[in-house]
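Student: make a model of this:
(2 chains)
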Amino acid sequence: MKKYILPIVLFFQMALLFTEVPNWVIITSVLFLILSTLSWGKNLPRIKTITGVFSVVVVMIAVRKFSFILSNELIASLLIILTSIRLIEHRFDQAEPPYFLFLLGLFLAVVKFVFQIDFIFGVYAFLATVFYLYQFFPESFQKNYPKESFKVLRTIILYSLPMTILLFLIFPQFKFDGGRQRNYGLFSQIGASGFSGELRPGSISELVNNENIAFRAEFTEYVPLQGSLYWRGQVLDRSQGLLWRRSNPLNQTPEIAEDDVTVFRPKYKIILEPHYKEQLFTLYETESVTSSEKLLLSDKNSTYSLPSSLSERLVYNGEIQFNLKQKLNQSREEYLHLNRRSAKVEALLKTLIPVSPEVQSAEQKVKLLAKFFTENKFEYRLSGQELAVNSLEDFLFKTKVGFCEHYASAAALLLRYWGVPSRVVVGYQGGELNKAGNFWTVKQQDAHAWVEYLNENNIWVLFDPVIAIAPDRIAVGATFLMNPTGRGQLWKQLSNRFEIFDQISTFLETSNYRWTLFFVEYSSSNFKREILKFYEDNEDVQLAARLIFLLLCIFVVYRLTKKIIYRRRPLNERYYLELHRFFAKRLPQEKNESFESWKSRLLEKYPAMSESIEEIFSLYLRNRYGAQASASEFKKFKALLSKNSFTFEKNENE
Amino acid sequence: MKSFYNWFKFLSKIPVRVNTPRPYIVPTGLGFSYGVLVFVIVIVSVNNRNNLIFLFAFFLFSVGLVTMLMSHKNFEKIKMSFLHASLLFKNEAGVLTYNIENPRAKDSFVISVGDKTVDSIHAHEKRDVQISYLPDHYGVYQLPVQKLESRFPLQFLRVWRYIQPEVRITVFPEKINYFGLSALISEIETGVQKKQLQDSLEKEISHFDRFQVTDPPQHINWKILAKTNDLYVNKYESLASEQQQVVLRWKDTEPLVDIEKRKSQFAYWIDEVYKLKKSFVVEFEEQKVEVAQNDYKHLLKALRLLL
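Tutor: Got it, this is the predicted structure:
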């Protein structure tokens, strides 16, 4: 490897980890990198003492700064700084390869994978491991035998893989609630959202450019429509103008009304990314939510949560019961509370409903409200003007521009003015369907807010004012509607233009989903049970397994028979077989070709190997057609072939 | 840090068993660091409660295990035997030649013996390896312990075996020239002059062959022709050997007094004369050894007088 490639590779690896560490670490390491760049190509004296002092100081600062010794942030920070310090020491002219830097490079790749457990980073970590393992070969061996070193590396990896799987299956996976939870700041980039329990104008529009995955959902028994996918997260029922808050959730079962109990109860599975909050996301009409890993809590609003914040991926299952309605189980007054009544707004509402509001039903009022938003040229835009929390009037009469949270807050307030109990719900709407994998990917940019109102039967009904203002948002989803800037933009343009890029994206996303699902849900006992169950349930699998077993038996019997037949052959025949096997790949004897002409052809092709060829052929002729061949001579002949095997290959290369 | 280093030094001084059938295998510094890396990743996977990281940690661990097996296989069957040694003098680097054999049907790589590293020994191959050796005392003693070592494939592990063939080597006294080289050269010259004076013309003629038709005319010795009026051709080899015979006397080193110094001086003279490709006679007290210019056996006999 060229000496200057390593610092460049390491720099890129460090840059990948920059997103995970505090700014002071980035600045320090960049300073060290600049220092190391200045010394590139110059034969400066070694400054081990200085770099040693640097390392000790940095370790002390880092340990003091991050209270928890095993926290990932500490590990990443130390790794970045140590690598940049080591790079200062790196000299292009040093005789010994920088093995310690190789080790740090390997660690950098693995740590990136630890932070962002993603298919792509898995591939990156694996490739980096292969690259660095290759660097560990003795330098002379690597230089003189490049082909052999690749072969040895291949053998190491191929032998390691089954051992890895075996270890994974038999080794108990200890788990410990460690450093990740203690470093919310660091991981806020992973599960960026996690709604905070309140909604103010602008809080959802902040997430529009965030393409991080919130969760993935898979429906096994039916395909839902994009517009029907409202993933409920939190219910906010306390209003302070346009600011909505959540009342204290109680562990109380919701009261539900079942119009028509259906036998068909489709299920869906959600893999939720860690968001360091408690709430889970469920669809409407979800009857129950279960998880094999954790205890889940439900509250009076039919939302589900965890007892503690989510610091790792979680898989949970939801069961839908169509026509399941949620009934009011608190007093109506709670949902009619307004902290301030505006005369201007009341006057406006009177113009909308000339007759007494009590006469009309809640559904009619909702329709009127939707009509009001459509007819008065309200706009659905991200860059809405800044609004104060009490500025309902400004929104309704002046700006008339907003995002989903503006409309949901305003609509819920207006319904309360009219005496319709209402509340705001935050969660996600829609998602992106991966057709290859048949699952939905819901990103942070799909975050949404809408309204639930109580109808005359005391049943909560969904009302999304955005449908009236920007129906495309619900019909095609946020991903297609928005034009987010930032990473992935080029890839998106390519995907739109060329189908192949789109297919690659779909494939990667599917692979990511499948392997995430497998490993997140994996536990060795479950796995064995699942495998057995899968085998017992599927006749095709049973048939395939039997076939494979049969083929394996045939193969083993064939190999054994071949070996026995070979051993029973007379020795001189074995000479013939061995010789032809040896030259089969190199220069086989042609049909009806005399032995002498074959030999001369070989001598012509391998002039440097003439001595060996002569030796092989003379030994062959002596034993094949001469006196009784002995076992020791045959052993010698085989050894001769084996000895020359490598040199022949080398000769071919040259 | 220093105590840690001392601890390692202490480890290296632990008495080792030589010629054991099984090799020693211990991680190198790089191997230890790799082990720490795997350990940290396992801790991180426990910390992060993530199966994927566990899987990756197991992969790295498996790589370590496979490397260990490969290191062992690559080295286990390698045999080393002693072939011969160069002329060895105390405090002078000599060469020991060993033979390394790979009886396996597969190639072995990166095997080092002493200060030499062999990149590859093919299947069933035998290879000679020359190792420099600096004896610190003279006499006849057993061959030094040699370390046959390999760090193949990934340098995570060091596999080694100590080998001490049951062969004795002879190390001669240190060569030191206390009198300076001129003393030796003048000695050679006087020896030659004495010889020449003793020789008569008849004796001189016996050193020449009669001219044959097949001989090249430039080989005719014109001096002899002038003296005898007959054609003689030069008889180069025998003439040279007899003309340059040097006598090295032990008693000539008497001015040095100290026996070790005398031995060193005498060893120096013997070696120098032999290097000059001259025949010589060694007179050591009562014993006398005559060494022809290429007679290595007799040279050793002459040097052994000093032991």
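Student: middle-most residue in the chain, spatially?
Tutor: Unless you meant another one, I'm taking chain A. A:Asp118 (2.9 Å; C-alpha atoms, centre = their mean).
Student: correction: the question concerned chain B.
Tutor: Nearest to the mean C-alpha position of chain B, by C-alpha atoms, centre = their mean, lies B:Val95 at 1.0 Å.
Student: return the set of residues that bridge with that one.
Tutor: B:Val95 has these beta-bridge partners by DSSP bridges: B:Ser132.
Student: which residues touch it?
Tutor: Contacts of B:Val95 were listed using C-beta atoms under 8 Å, 6 or more residues apart in numbering or on different chains, and they are B:Ala85, B:Ser86, B:Gln130, B:Ile131, B:Ser132, B:Tyr133. (C-beta placed from N, C-alpha, C; glycine too.)
Student: could you check how far the second one is from B:Tyr296?
Tutor: When you say that, I think you mean B:Ser86. Taking C-beta to C-beta, to the nearest Å as the measure, B:Ser86 falls 11 Å from B:Tyr296.
Student: out of the two, which sits in the busier spot?
Tutor: B:Ser86 (14 against 11; other C-beta atoms under 10 Å in any protein chain shown).
Student: need phi/psi at that one.
Tutor: The phi/psi pair for B:Ser86 (degrees, to the nearest 10) reads phi -80, psi 180.
Student: now it, nearest residue through space, not along the chain?
Tutor: B:Val95 (4.2 Å; C-beta to C-beta, 6 or more residues apart in numbering or on different chains).
Student: kindly state the pLDDT recorded for the one you found?
Tutor: The score at B:Val95 is 88. That number is its pLDDT.
Student: so it versus chain A, what's the distance?
Tutor: To chain A, B:Val95 is 22 Å away according to C-beta to the nearest C-beta, to the nearest Å.
Student: now that residue: how far from B:Asn294?
Tutor: 19 Å.
Student: then A:Arg232 would be within a helix, right?
Tutor: No. A:Arg232 is assigned strand when assessed by DSSP: H, G, I helix; E, B strand; the rest coil, not a helix.
Student: any idea how many residues pack against the residue in the stretch 251-400 of chain A positioned nearest to chain B?
Tutor: Closest to chain B within the stretch 251-400 of chain A is A:Glu312: 4.9 Å, counting by C-beta to the nearest C-beta. By other C-beta under 10 Å, the residues close to A:Glu312 number 18.
Student: what's the spacing between it and A:His275?
Tutor: Applying C-beta to C-beta to A:Glu312 and A:His275 gives a distance of 11 Å.
Student: how about A:Phe395?
Tutor: 29 Å.
Student: who's more crowded, those two?
Tutor: A:His275 (26 against 23).
Student: just want the phi and psi numbers for the more buried one.
Tutor: According to degrees, to the nearest 10, A:His275 has phi -130, psi 0.
Student: that one contacts A:Asn210, correct?
Tutor: No. A:His275 lies out of contact with A:Asn210 (C-beta atoms under 8 Å); the separation is 11.9 Å.
Student: got the contact list for residue 285?
Tutor: Went with chain A since none was named. With C-beta under 8 Å, 6+ apart, A:Glu285 has these contacts: A:Ile320, A:Gln321, A:Phe322, A:Asn323, A:Leu324.
Student: let's do chain B instead
Tutor: So B:Glu285 contacts B:Trp250 (C-beta under 8 Å, 6+ apart).
Student: many thanks, I have nothing further to ask.
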